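[1] Structure for this input, please:
(one chain, ligands or ions: 1)
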Amino acid sequence: MELYIDTANVDEIREIAQWGVLSGVTTNPTLVAREGRDFLEVIKEICEIVDGPVSAEVLSEDMEGMVKEGREKKNWHENVIIKLPCTAEGIGACAVLEGEGIPCNVTLVFSAGQGFLAASAGATFVSPFVGRLDDAGSNGMQVVEDLAEMFEIHGFRTRIIAASIRTPNHLTEAALAGAHIATVPYSVIKKSILHPLTDKGLESFKKDWEAAQN
Ligand code: G3P
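    This is a model prediction of the structure:
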């Protein structure tokens with residue numbers, strides 16, 4: 001499973017990219033708006049930091065507008081992936097854009113049936129929202145597992161991005177459920193590296209080493 005970071009904050013991306021663990025970046029309108037910066041400028045800067053797929057979402061709600069926006073945003077940078085909502089309009093736009101060789105990430109997926117339709121439209125990526133399903137009392141990871149099984153059985157090339165990841169446990173569960181990618185917020189990546197026994201072990205190694213030097 002590859003790791004993407006789910007943020008539009010370039011400082012966060014730069015810090016985690018230095019660990020050598022990042023394969024891509026996802027953004028959404030909420031994350032870009034939070035930065036208070038120009039959309040194009042942010043996406044271009046992100047593409048300079050991470051050499052991998054960078055999802056940029058469309059803001060149009062109709063199919064024609066989404067297709068137009070998708071074509072425009074693809075010109076921003078070769079690594080841009082067009083993020084489209086899992087609506088009838090979004091699925092239609094996905095089929096058109098993928099038909100033109102423009103890779104799409106169908107987002108806001110909350111059921112395996114929605115994921116199937118995105119894959120049938122030729123989506124390069126599909127993003128089930130694990131945390132938001134858990135919030136609503138469902139088992140979000142089950143959708144990831146079902147999609148992984150379905151895509152395997154039927155040979156779909158669509159890659160599953162486990163999204164709306166809220167905890168380090170979600171990250172490992174996504175890998176075990178068969179997600180190809182997990183897109184993870186900065187705070188969860190930071191938490192995932194921590195373990196009190198690592199700190200404790202390091203401290204005792206240091207103490208023992210120093211004691212032996214005297
Ligand atoms: O990748 C989708 C993600 O940004 C949504 O996360 O925590 O707002 O459900 P969240």
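[2] What is the neighbour count of E12?
    Neighbourhood size, E12 [other CB atoms under 10 Å]: 18. Glycine gets a C-beta too; all of them are placed from N, C-alpha and C.
[3] And for I49?
    Using other CB under 10 Å, I49 has 16 neighbouring residues.
[4] Now do the buried residues in the helix or strand containing M66.
    If you go by DSSP states H and E, M66 is part of helix 63-74. For helix 63-74, burial by neighbour count (16 or more other CB atoms under 10 Å) applies to M63, M66, V67, E69, G70, K73, K74.
[5] how about those residues in a markdown table, adding pLDDT and distance to E41?
    As requested, the buried residues of helix 63-74 are exported to a markdown table (pLDDT from 0 to 100; distance: CB to CB, whole Å):
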| residue | pLDDT | distance to E41 |
| --- | --- | --- |
| M63 | 98 | 27 |
| M66 | 98 | 22 |
| V67 | 98 | 24 |
| E69 | 98 | 17 |
| G70 | 98 | 19 |
| K73 | 98 | 13 |
| K74 | 97 | 17 |
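[6] out of these, who's nearest the ligand?
    K73 (17.2 Å; CB to the nearest ligand atom).
[7] I figured that closest one was touching I81, is that so?
    No - K73 is beyond contact range of I81, at 9.2 Å (criterion: CB atoms under 8 Å).
[8] mind listing what the closest residue to P185 other than its chain neighbours touches?
    Leaving aside its sequence neighbours, P185 sits nearest to D6 (CB to CB, 6 or more residues apart in numbering; 5.1 Å). Contact analysis of D6 by CB atoms under 8 Å, 6 or more residues apart in numbering lists V25, T26, T27, L31, A163, I165, T183, V184, P185.
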